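# When you get a sec, could you give me coordinates for this:
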Amino acid sequence: MVTIYGIKNCDTMKKAFDWLNTNKVAYTFHDYKKSNIDKETILKWLKSHKMEEIINTKGTTWKQLSDEQKGSISNIDDAIALMQEKPSMIKRPLVELEKGYLLGFDVEKWGNKLK
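Residues are numbered from 1 along each chain as shown. You can find the predicted model right below:
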């Protein structure tokens, strides 16, 4: 079983859920809006991916940040605090596999890793 992190009403998440259900992939869902995200989980992600890969710089949440907030992601503790405050800025979906993670929804990558 995999864990998928994100926000339920996100269009990309809806595509991801449809793909998982169609392909009969068992998963649990961690909704940032209901359960937020803890520092330890983000630190685990950072063992596999750079901060710049985890933060969605194309999304509305990122674009609404001040230049000072955007600049704070160079400091891990500040970046984690910002992601906890505004979990919508975390790239979606983020899928935790038995070994590793998938960032974003990519049918080809998902097919190779999840089927």
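
# quick one: the residue nearest the centre of the chain from residue 68, how far?
Geometric centre of the chain, nearest residue: residue 94, 3.5 Å, by Cα atoms, centre = their mean. Distance of residue 94 to residue 68, given as Cβ to Cβ, to the nearest Å: 26 Å. Any C-beta I mention is one placed from the backbone N, CA and C, and that applies to glycine too.

# count of neighbours near residue 8?
If you count neighbours by other Cβ atoms under 10 Å, residue 8 ends up with 12.

# From what I see, residue 13 and residue 94 are in contact.
No. The criterion here is Cβ atoms under 8 Å, and residue 13 misses it with residue 94 at 10.4 Å.

# So for these two, which residues contact both of them?
4, 6 (Cβ atoms under 8 Å, 6 or more residues apart in numbering).

# mind checking how far residue 8 is from residue 31?
5 Å.

# now swap in residue 74 and tell me
Residue 74 is 28 Å from residue 31, where distance means Cβ to Cβ.

# Wait, the residue nearest to the centre of the chain touches residue 10, no?
No. When contacts are counted by Cβ under 8 Å, residue 94 is not listed as touching residue 10 (11.7 Å).

# Okay, and residue 30 sits in which element?
Using DSSP states H and E, the element containing residue 30 is strand 27-31.

# neighbouring strands for that strand, and are they parallel or not?
Strand 27-31 pairs in its sheet with strand 2-6 (parallel), by DSSP bridges.

# The partner strand: how far from the chain's middle?
Averaging C-alpha positions (Cα atoms, centre = their mean, to the nearest Å) puts strand 2-6 8 Å from its chain's average.

# Thank you, goodbye.
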